[in-house]
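K.L.:
Build me a structure from this.
(5 chains)
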Amino acid sequence: MLLGPSLALSAVLFTLGVLGVLVRRNAIVVFMCVELMLNAVNLSFVALAQVHGLGGQVMVIFVMTVAAAEAAVGLAIILAIFRHAQSVDLRQLTLLKG
Amino acid sequence: MDLVTPVFWVFAGWSVVSAVLCITRRNPISSALWLVSTMFALAGIYVLLDAQFIAAVQVIVYAGAIMVLFLFVIMLLNVGDAPREWRRWPVGLLGVGLAAVLGAQLMMLGGYGRQRLADEFSTQPAPVNPALVFPEGMASAAAVAERGVVGAVAEPLFTAYLIPFEITSVLLLTAVIGAVVLAKKKL
Amino acid sequence: MLIDLSSPGGAALALLPEIVLTGWALVVLLVASWRHRTAADSRYVGILSIVGYVLAVMATGWLAWVGARPEGLPLMVALDGFRYASHTLLLWIGGAVAVLSWRWLERQGIIAPEYYVLLMLATVGMMLLAGAADMITMFLGLELMSIAVYVLTGYDRTRRASAEAGLKYFLIGAFASGFLLYGIALLYGATGHFNLVLIGAQLSATEPTLMAKAGLGLLLVGFAFKVAAVPFHAWAPDVYEGAPTPVTAFMAAGVKAAAFFALARILAEAFPGYVELWRPVLAVLAVVTILVGNLVALAQQSMKRMLAYSAIAHAGYLLIALWAHSDRGTAAVLIYLHAYVITTIAAFGILASIERAGARTVLISDLEGLYAARPFAAMGLSVCMLSLLGFPGTFGFIGKWFLVAAPLAEGELLLPIIAMIGSGISIGYYLPVILAMTLKPVRTRSAHQTIRFPVPAKIAVAICVLAILVLGVWPNAVLDFATQEAVQLRRLAMPILTR
Amino acid sequence: MTAFLAAIGYEQWILHVLLGLPLLAIPMILIMPVHRARWIALTVALIELVLGLGLWWAFDPANPAMQFVTDVPWIGAFGVGYRLGIDGLSVMMVLLSVITMPLVVWSSWRSVDTKQRGFYALLLALKTGMLGVFVAMDLFLFYVFWELLLIPMYFLIGSWGSSNRLYAATKFVIYTFVGSLLMLVAIVWMVMEVGRATGTYSFAYEHLLAHAYLLESSGPWLFVAFALAFAVKVPIFPFHTWLPDAHTEAPTAGSVDLAVILLKMGTYGFLRFAVPFFPGFALSESVGLVMAGLAVIGIVYAALVAMVQPDLKRLVAYSSVSHLGFVILGIWGSTVESVQGAIMVMISHGLSTGALFFIIGMLYERRHTRKISDFGGLARVAPLMATAFVITAFSSIGLPGLNGFVGEFLVLIGAFGRYPWLVAGATTVVVFSAAYLLWATQRVFFNRFTNPLNEGIGDLNMREIAVLAPLLLGMVWIGLYPGPILRRTEGAARMYIEMVEPYLSETPTVGGTMFRGGR
Amino acid sequence: MTSLVWLTILFPLLGAVINGAIAIRRPEAKGLVSLVGVGALLGSFAVAIGIFLEVLAGDGTATRVLLWQWMPVTERLSIDLTLQVDRLSTVMLLVITGVGSLIHLFSVGYMKSDPGYARYFAYLNLFVAFMLVLVLGASLPVSFIGWEGVGLCSYLLIGFWYEVDANSDAGKKAFLANRIGDFGVLMAMFLLWWHVGTLDYDGLARQAPEVLAYAGAPVTLIALLLFLGCTGKSAQIPLFTWLPDAMAGPTPVSALIHAATMVTAGVFLVVRTGVIFSLAPVAMEVVAITGALTAFFAATIALRQNDIKKVLAYSTVSQLGYMFLAVGTGAWAAGIFHLVTHAFFKALLFLGSGSVIHAMHHAQHAAHAHGDAQDMRLMGGLRRAMPWTFVLMGIATLAIAGVPPLAGFWSKDEILAAAFVRGGGNTIYLVAWGLGLLAALMTAFYMARLMAMTFFGRFRGGDTLEPHLHEAPAVMTGPLVVLGLLSIVGGVLNLPGFAGGSHYLAHWLEPVTDATLPYLDRLEMPHGMTELLLVGGAITIALVGLALGMWTTLRRPVLTPAATPAATGLARVLEGKYFIDELYQKVFVGPTVWFSRRVLWQGIDQFLVDRMGVGGTARVAKGLGWLGSRLQNGHVALYLTLFVAGVVLLMRAVIGGAP
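P.N.:
Below you'll find the predicted structure:
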């Protein structure tokens, strides 16, 4: 039921997430866009679970766990860099290059 | 004409608009809130897709916990609005272009319906009966009917998916250690 | 010994190495939470962690020794020689990095023994990634590894470079995870399974479908990121440079090895039917990676950055071996990875000893006259450079031959030639290192006075260097082992695939 | 002698001992006090010489096949074996190597006064590598030795060379390394192809040689890959520019080893591998013309360039390029005579160029310059040295009665049947070679004594005489009585020709008609 | 005795080795050196006489002595070190060892005070050894050892006083000119081997006619290439310029190497390979006309030289031209005959001039004066101080000018006669004959001029020198006397019929030269009136030349170098030796060096291959690397964009069809 539209919506949201990652420069917002991507994928899982059974739904739970873990670590890292740079603007974080 | 399809499209539109606003709002807090909005819309869609438990978790854990963490950090750091920079537009356009191509590629998946999936899935000549090709889908509906929404998901989670489940615990532990190590002012 | 993976007991037995290491990590964590204030504490925890690695190796050895095999389908984790081989290597890497970090952390002012816990957990992640028979396990293993390594990269909080490296790695890594996950979702959609063998069976049975192809593509993106293949490589040099040096070693050796093990397994078990599809992709990736990695490495002044680009180039070489999609190719992956890993560990080990606390990264010119001051360190690093270059007498040379042989056995000539062109370019940056160390005079008299080489690190590096040399002349043991394990990877999946 | 050698089982162990002894001595050098280093090196060199000379008798000239064959499995999984063996070509190269060894050590006796341990250790390592290249009958093993040589040479040049040594050492290594990369691919490709066809994956030379005909389609590419590696090493024009730098900057020992042995590895490779493996392509008309043409260009070109060099060593280096062109021409001349000549040139170039480098090294030791213009009239203060130099120069010029002539004559006369015009071009070098060497001789040893700094140059001392005397004797001996050598190499040359003969386009026969108008 | 022919080589070779050792260890032991040096030659000469007697008694068949296998390459190419004793090589053997002995003896006196005495004798002995190898060799390669070996010794001896740059230059030039010729010899050998399958003289004489078509291109080419070698060795056009420079060596060397023996090797070679030449009539014409032209041009140059040795040098070139004219006409015996007589009188002339130079040098030394001891303008009237030398040189002058009954007359006359005869059927030979006649006239002229300037008139070298002029010691005049006698009676070897002889030498050489007969018309020597006319003409020319030379020189006082005005016109051209040297320098040497340095070395080697090829590749690689490293600018956004671009491309490749 609604498999095609769900997959399409998933694709759109994923693309929007990618776009956000590409155009935004605030590290936190970029990270949020990554979360958006994960959500989009979750939609795919749920939609496909209709066809293939509950495995897809279980996977969504794992993905959420992973997202939570990433959020914790990611935000901690952002905090750490903020202490050094007083900013989370990605364009000011170019100490490493070459 | 069932109600499910129009409701789905409403939710879909909601989610897309929210997502667009999420990535375009210059204020991070707005972005975060629009993301929460997207998640709510997705939760609605999950309900439509017979994943009520996931929908609940989505609202409680994702929108409720994770996004609050984001908001918390944004406020802690007191990050201001992103300034407009016209010079960056070409790069942005490149990003938009690439994303558009990627989106177009991924959108091809929208052409999948139950029937097509079944046809491709089966080794029999098309068209085939999806119900026969995907017995697990039927079985899951039966499991929901038998054990309830939560029980149906919980059963495989603690049997077939026991190992991954245990791994997530290690994963969360690692995240905790990492977050503590990195975020603590003084070790 | 047959293990029933569907029962909790069987699963525990199959995951014994991971469980041992995780359990030991918890023990170490407990210790670390009490003792994490002084340098002595840190050293104490470090020694403890090494014990953990030893135990995990023993567990792996036990599994290999009893010849553990799955009863029926391998669920969630694989039980084959390839997994044991990869586990041994990964544990070995983890242990070596722990040894290299010992005292190094204190010298750099990083007194937080949780480092070792994270290292062990990251190793567990790698083992899960490399040994997974199921996409879910694989994804979780990957995430476990990644999250731990994100933290480790940014571990040196006093240095902005470290934090920045952590952030970059994290952002791009999370981004790449999204693609990988999407790929898993699509594969799940196309086949209804997460299990690699079942996916492979389903995909082999039917014509390539759009969903499966897209899934394959996104999966490849995820792994290409992890192995730092061009154009998904851009994070690597920055992150390698910014991370604490032992962590860089861990990334360059461990993360790359684990990703390659996993990729080899996926391609062999899940996608044998899609060879025609992924081979060209791998070929193009390999060519671009080799050329870009080697060329850009030419322009580097910093040792770490140079090694980073060289690591990128080596990923390209390994992709060639994967491309072959044969027992020979898998064996080549194993052999080359062994050579590469041993060499990388030794090189970074020596590099770490040269680094001064809080100083900028070591430039190639900083090595001038090292031979006069520290002949053994210089000789060791020279051997490493030669091995990376693939020079006779070193293990890298053997790896190079197998690498070239794998695609040639499939009748492919272009890829080996590209690999050799890359190798030809690479002498342009490996040789100057040797030159600087051995033939250039010391710049200042105090230049190499600050080198601190703790005994355990010395021993580890010495073992590596000796291994490079000995295996370069007498590689039979490793070769036989690798050939044997490579065969297993394919054979065990075969009955199910052909069913 | 032969009986004695047979009695002690010489055949069984000689090659292993020759290869292993220098390696075993390296730890000794590193452990013992510094001043012992050169003694150990000399002892090893002399033992090797004695052992190596035994080959002269033990080798059976009548047997054209590989002798003293050893086949010990090495990397079984890969079809690699520790396979050794020698034929008439190898035996001469081995002899050349063992004879050079003590001389090189001896010549470095006083001139090397820094880091002696390293120097002698590297010299010995170099020696093993050189010998290995010539006795390896397994392509993997061959490649190992081939590349392994670079390391000691790199450090010899880079550490004990003169002012521009780092550049020269790097250039040397990069050239050779890059040149031989494609050979690696070619070797593996051969093994794989042959393996697929025969079911035996083996790097054994004989095996590959016997089945190389299976590689009909890929033959050209494989040949090019091999040829590139060897061409760089020879060096054939235009891959030669590393040589003048390497020769010039290397210490005497390095220059001598380079000239006497390292350069022969390329031509050896052509004779042993590249051409016999792919005779159909290598000796086809167009490829033959290209190779022989490049050889002749190199011969004349290098001679002309040598003429205008201001630096003695550089001059000799270019003369090497010129001489080695003869070897290539001889190989592609594809008659027993020309191949014999090619081998002969390899040997005699070793003697004469080696001696030239020794003498230049002695000059350098005394004056720390190699610029020709810094000398002049040295014959008055150093008559012995002048004598030695003149004899060597004339041997290099190819004066009949000295060694240089035999090889060049045979190459030219043998190759004339196939490439009359190219040979005519190559023969013009008799003028140019005389021009550059005599001009150099004149400006160094003759002419007015202009530079008072040269007053203190002493003549040769006993050690130096001991270094040069064997070479000079060898020059005269080979020049007047090359028969024993020719007889030993004839088998190899004949085998080679038999191998490639079916692929040769028709050669005019002796006593036949080269041009229309013959009766 | 014949089988011991190798002794003749071994003696001087040993002498060379011993003297070489002495030169290095104890150069002051001059007595020992003289003993060894001269003794070796005398021993050699004694053996030669023994051989000669044996050959005299024999029937003319050649004896071949195998020493050892030199280059046993294959069955078809196995070159043995074989010596061949036949009548031709015996003649040469005698001349070389005989004249050689005399010159060695002379050198004992001449070089007495030279510090390089031992070295000198070592070289000289070595030279004789090589020269003997040349003439005794039984095959081209063996002769080639000697051929090149004498070049080597010539090089060493010309540059004997190496500390003067010009001397070393001259030695080098001699060797290089020889090498150009050697190119021809080598090529000829290659062609011969591939065509005929042997390089033995014997084999060639037998098989060449079977294989090589008469007057065919191959044989002509071979003959011309051989002749190229001869022009180098025997200083013919175009390679003659080295010989005058070669006078930089000690004078006895000039006598031995650059007059009597080595330079005649070319003539010898043509006779040796006569069969091949006779098969190639065009080549014969070339040889003859080249010889005649050389004779003529060298003579013209000699007219205006003031250096006593330069005159003799050009005279030698000119006389060698005669010999080639002879062999070019197929008058083999005449060529050899002139070779022998020329060896006598030219050696005498050189030794005589050496005696003069010796005297001048000593006088200058004694008077502490400096000057050119060889410039005839500083001589004059020496007959009073050096009567022996004067008389002997006078004899030689008459001989070379062709005054009967001295040796030169007979040989030269025979050559001209042969050319004249051939000229009957072929204009080229007639031209050659004419040139020869003119050259004869000039020969007489410049020789008379030489005598006049040196021995007549008053001494122009300064009053301080005059009292110190003395005749040379007996060890020097002794050999002069012997040579003088030989110059007088040398003609008996081959007296023609009208003088009561029977062309003895020609008959004697028949076993060697007869092989050419089938391809060469027999030379019917003129008889009766024609013969007498020719002889009379020759005599007249010689006398006129002599008289003219004397008269023009003594007519007015000879100007000293300082007072000589710059020559103009033809005289300047002659004095400048037609500027051939300068021409060669400008056309060949200079451009070659320039081309090698600027184009080949700096252009191709350093710029094209090194800088552009190798360096360029390295720079391009480095540049690309630098570019890549610039792209790595630290911006995550860029990395991510790259990433997505990669994703798009990869997806495109995998799913296909999509955008």
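K.L.:
pretty sure D:Gly254 is touching D:Gly161, no?
P.N.:
Yes: with contact defined as Cβ atoms under 8 Å, D:Gly254 reaches D:Gly161; the gap is 7.0 Å. Yep, even glycine has a C-beta here, placed from its N, CA and C like the rest.
K.L.:
Just want to know which of those two has more residues nearby.
P.N.:
D:Gly254 (35 against 23; other Cβ atoms under 10 Å in any protein chain shown).
K.L.:
residues in contact with residue 50?
P.N.:
Assuming you mean chain A. A:1, A:3, B:49-50, B:137 (Cβ atoms under 8 Å, 6 or more residues apart in numbering or on different chains).
K.L.:
should've been chain C
P.N.:
Counting by Cβ under 8 Å, 6+ apart, C:Ile50 has contacts C:95, C:98-99, C:102.
K.L.:
Of all the residues in the helix or strand hosting it, which ones are buried?
P.N.:
Assigned by DSSP states H and E, C:Ile50 falls within helix C:39-66. Using 16 or more other Cβ atoms under 10 Å in any protein chain shown as the test for burial, helix C:39-66 gives C:41-46, C:48-50, C:52-53, C:55-57, C:59-60, C:63-64.
K.L.:
For chain D, give me its nearest residue in chain A.
P.N.:
Chain D sits closest to A:Gly98 of chain A, with a gap of 23.5 Å, by Cβ to the nearest Cβ.
K.L.:
coming back round to it: the helix or strand just after the helix holding C:Ile50: partners in the sheet, and parallel or antiparallel?
P.N.:
Next helix or strand after helix C:39-66 toward the C-terminus (DSSP H and E): strand C:69-70. Here strand C:69-70 has these sheet partners by DSSP bridges: strand C:2-3 (parallel).
K.L.:
what about the following helix or strand past the strand it pairs with, distance to the chain center?
P.N.:
Remark: after strand C:2-3, the chain's next helix or strand is helix C:8-14, criterion DSSP H and E. Relative to its parent chain, helix C:8-14 has a centroid offset of 27 Å by Cα atoms, centre = their mean, to the nearest Å.
K.L.:
What of stretch D:61-78?
P.N.:
Centre-to-centre, stretch D:61-78 and its host chain are 23 Å apart (Cα atoms, centre = their mean).
K.L.:
now do stretch D:55-69
P.N.:
Centre-to-centre, stretch D:55-69 and its host chain are 20 Å apart (Cα atoms, centre = their mean).
K.L.:
does that stretch come close to chain E?
P.N.:
No: if you take Cβ under 8 Å from any Cβ of the partner chain as the test, stretch D:55-69 misses chain E, and the best it gets is 11.4 Å.
K.L.:
Which helix or strand contains whatever residue of the stretch 251-400 of chain D ends up closest to chain B?
P.N.:
Closest residue of the stretch 251-400 of chain D to chain B, Cβ to the nearest Cβ: D:Phe281 (47.2 Å). Applying DSSP H and E as the criterion places D:Phe281 in helix D:279-282.
K.L.:
And the contacts of that helix?
P.N.:
Helix D:279-282 is contacted from outside by D:216, D:219-220, D:223, D:227, D:274-275, D:287-288, D:291, D:499-500, D:502-504, using Cβ under 8 Å, 6+ apart.
K.L.:
Please pull up the helix or strand immediately following that helix.
P.N.:
Downstream of helix D:279-282, the first helix or strand assigned by DSSP H and E is helix D:285-307.
K.L.:
ok, back up a step: please indicate which of the contacts of C:Ile50 are buried?
P.N.:
By the neighbour-count criterion of 16+ other Cβ under 10 Å, these include these buried positions: C:95, C:98-99, C:102.
K.L.:
Which members of the residues you listed occur in helices, if any?
P.N.:
Those of the buried ones among the contacts of C:Ile50 mapping onto helices are C:95, C:98-99, per DSSP state H.
K.L.:
Return the set of buried residues in stretch A:14-33.
P.N.:
Residues of stretch A:14-33 classed as buried: A:14-33 (neighbour count, 16+ other Cβ under 10 Å).
K.L.:
Against chain B, which of those residues make the cut? List them.
P.N.:
When the buried residues of stretch A:14-33 are checked against chain B using Cβ under 8 Å from any Cβ, the ones in range are A:14-20, A:22-26, A:28-29, A:31-33.
K.L.:
That's all I had, so thanks and see you.
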